Each structure stands twice: as C-alpha cells, then as structure tokens.
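Student: what's the 3D shape of this:
(one chain, ligands or ions: 1)
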Amino acid sequence: MLNGSLERKGGFVINDYIDANRRSWGLVAEDHYNAFKARLSQSASLLNPVQHQELGDIRGKSLVHLQCNTGADTISLARMGATVTGVDLVPENIAYARRLAADFGISDARFIEANVLEVADRHDEVYDIVYTTEGVLCWLPDLALWARNVRALLKDDGFLYLLDSHPVYMLWDEEKLPELEVKYPYFVKQPDQDAWIGGYASEAKQGTNFSWMYKMGELITVLSQAGLHIEWFHEFDWLFFRCSAYHQIEEAPGRWVFPKHKGKLPFTFSLKATVR
Ligand SMILES: C[S@@+](CC[C@H](N)C(=O)[O-])C[C@H]1O[C@@H](n2cnc3c(N)ncnc32)[C@H](O)[C@@H]1O
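Tutor: Below you'll find the model as predicted:
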C-alpha cells in the first residue's frame, strides 16, 4: 500500500481538504469543457511548443496524464500519437473528459476518477510516460506520496514529464503583481484556503479550496527517494497562463511574461525523471 499517510494528522485533515477540492473543481467542470472544446476545435494541440520539444516523439507510447481536468491536454497527447489514460479527482471532470474525447473522435482515450495520492493502489497498470503539467503540484498535500504513486505507474524504462509554476512565482501577492510582495511564504506548511476556484478557462466561481506551497528541495528529494533520477531540470522566465490581464504579454504561444521581470525571475519549471 502506498496510501499510508492519507489519514494522518488526527485522522481528518488531508481527506477533508481533498473532498473540498473535489467539490470546488466540480463547479467549473462544465465551463472548462466548453472552453477547451472551443480551443481544441481551433488547434490540434493545446500543449505549449516548449512541451512538444521537451517531450519529444511520443508516438506509440502509453501515457498516463495525472490531474487531467476535462481532458483537453490528454486529447492533444492522443493526437500526438500516444495511447492515453487521464486521471483526475473530480467525477464531473472525468465525465466531461469522456465527452470531449468522443466529440473529437478519440475513441481509445481512457479516463479514470482517482486521487493521484492513491491512484497506484487502485490501478495496477504501468506506462511509458507519466505526464502532469500546468497547475498540478499545489493541489497535493503530500509530495512524497505523489512521487511514490508516479514511480508505481511507470515501467522500469519509463519517465515522468512535469511542467508547473515555479515556486518563486507562487510567493507573490497576485493582486499586486508585477510588484513583488510576498504573500505566500516559501516555508509555510499549512494550506492556503481560498474561496474562489477556476478563472483561467472559466469565470472564477465561489468554492472553498485548499492549496499548498511546494519547495524545490522537497520535490527533488521526494523524486529521488521514490527511485527516480532527474535527467534535466529547466527554468523559464514565462508563465504558461495569463494571471494578470494588464501586466503580462504573450511573447510566444503559451508564454506569458511580465516585461518588468523578463530574464530576471523564474515563473515556470519543467523536468524529466527516469526510473533509476
Ligand atoms: C489546474 S488543473 C490542471 C489542469 C491541467 N493542466 C489540464 O490538463 O487541464 C488542476 C487539476 O487537478 C485536479 N486535482 C486536484 N487535486 C487532485 C488530486 N488529489 N488527485 C487528482 N486530481 C486532482 C483538479 O480536479 C483539476 O482538474
């Protein structure tokens, strides 16, 4: 069993946080389905060009997409030639992901409702690639458990591809950007509670949710302890979404920069980790 610590801290906390997040993400599922359906009709792939280049040729590979939301990137990955399985916590997301795949004629995409902190206990298949990107780690209260699940989902010659916000971006008060004022301390262990969810592919909706700061040292350590070897680790001065309507510019598809901070601060990172 990998799922040893889900009930720790008094037997209540983590599962209650996860339940709240499940409910809140469900509130924006329909809007996400509609928004991503429109985007996928315009473009074969919603993946950032950097991701295409970093992932390389995935034709014929089996790929599991963790935290797949309503499946838009999963469909993009299927269109790139992988055999895809999407995993998400939220039943509404899974239902809409199946619908989105059907809308675009991707008949062999599979979608599984599961918490990524316990998915390997419920699903015993292994894959060439674990793919997880763009707004994933902050929703996870236990990175060590996540890393063990990632390892358990990989074939011995498989790899993890991860791209997410850099913790340096996670520090700042979002209302004040591009001015830099620390609102979310790097070393805090308690979750941040927010009353609003969504906003990047839907209107933001009222729904209590919890997120966690993650630390680079912790991420590297948990991957290593789970038996994964980091082949490379990249940092970028752009963010993969528009978080500030007035202060960012899209310098290239899917690359949003604050001109004031260009070349000075990391906003996104990516890594590839193989099984040792
Ligand atoms: C910002 S979205 C990620 C979007 C993703 N980049 C995509 O492909 O559309 C975060 C996702 O994480 C999911 N999530 C949050 N906590 C989770 C957990 N413990 N297990 C599985 N999925 C989770 C949410 O339901 C949501 O779909």
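
Student: Neighbouring strands - and their directions - for the biggest strand by length in the chain?
Tutor: In the chain, taking DSSP state E as the definition, the longest strand is strand 154-165. Here strand 154-165 has these sheet partners by DSSP bridges: strand 127-133 (parallel), strand 268-275 (antiparallel).

Student: got a list of contacts for the shortest one?
Tutor: Under the contact criterion Cβ atoms under 8 Å, 6 or more residues apart in numbering, strand 127-133 has outside partners 51, 55, 58, 61-67, 73, 77, 82, 85, 116, 150, 153-155, 157-164, 240. In short, each C-beta sits where N, CA and C put it, glycine included.

Student: before we move on, back to that, chain center to the helix or strand just after the longest strand of the chain, what's the gap?
Tutor: Using DSSP states H and E, the helix or strand that follows strand 154-165 towards the C-terminus is helix 167-170. Relative to the chain's own centre, helix 167-170 is displaced by 15 Å; criterion: Cα atoms, centre = their mean, to the nearest Å.

Student: Now the helix or strand just after helix 167-170: buried residues?
Tutor: For helix 167-170, the following helix or strand on the C-terminal side (DSSP H and E) is strand 192-197. Going by neighbour count (16 or more other Cβ atoms under 10 Å), the buried part of strand 192-197 is residue 197.

Student: now strand 192-197, how far from the chain's geometric center?
Tutor: 17 Å.

Student: so what secondary structure elements neighbour that strand?
Tutor: Packing partners of strand 192-197 (3 or more Cβ pairs under 8 Å, 6 or more residues apart in numbering; DSSP states H and E): helix 13-27, strand 205-211.

Student: Sheet partners, orientation included, of it?
Tutor: Strand 192-197 is paired, per DSSP bridges, with strand 205-211 (antiparallel).

Student: May I have the phi/psi pair for residue 93?
Tutor: Dihedral angles of residue 93 (phi, psi; degrees, to the nearest 10) stand at phi -60, psi -40.

Student: What is the burial count for it?
Tutor: Using other Cβ atoms under 10 Å, residue 93 has 26 neighbouring residues.

Student: got the contact list for it?
Tutor: Applying Cβ under 8 Å, 6+ apart, the residues near residue 93 are 25-26, 29, 32, 68-71.

Student: Run a quick check on residue 100 versus residue 33, I expect a contact.
Tutor: Yes. Contact criterion Cβ atoms under 8 Å: residue 100 and residue 33 qualify, at 6.1 Å.

Student: can you list residues touching both of those two?
Tutor: Common neighbours of residue 100 and residue 33 (Cβ under 8 Å, 6+ apart) are residue 70.

Student: Restrict stretch 258-269 to CA atoms and write it as PDB.
Tutor: Extracted in PDB, the C-alpha atoms of stretch 258-269 (Å, rounded to 0.1, in the frame of the first residue of the first chain):
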ATOM      1  CA  PHE A 258       5.900  40.300 -17.200                       C
ATOM      2  CA  PRO A 259       8.200  42.600 -19.200                       C
ATOM      3  CA  LYS A 260       9.500  44.100 -15.900                       C
ATOM      4  CA  HIS A 261      10.700  40.600 -14.800                       C
ATOM      5  CA  LYS A 262      11.800  39.100 -18.100                       C
ATOM      6  CA  GLY A 263      15.100  37.400 -17.800                       C
ATOM      7  CA  LYS A 264      15.200  38.100 -14.100                       C
ATOM      8  CA  LEU A 265      12.800  35.700 -12.300                       C
ATOM      9  CA  PRO A 266      11.700  32.000 -12.900                       C
ATOM     10  CA  PHE A 267       8.000  31.600 -13.400                       C
ATOM     11  CA  THR A 268       7.800  28.000 -14.700                       C
ATOM     12  CA  PHE A 269       9.900  24.900 -14.400                       C
END
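
Student: Enumerate the positions of it that are buried.
Tutor: Buried residues in stretch 258-269 (16+ other Cβ under 10 Å): 258, 261, 265-269.

Student: Other residues contacting that stretch?
Tutor: So stretch 258-269 is in contact with 163-166, 168-169, 177-178, 216, 233-240, 244, 247-249, 251, 257, going by Cβ under 8 Å, 6+ apart.

Student: Kind regards, and thank you for your time.
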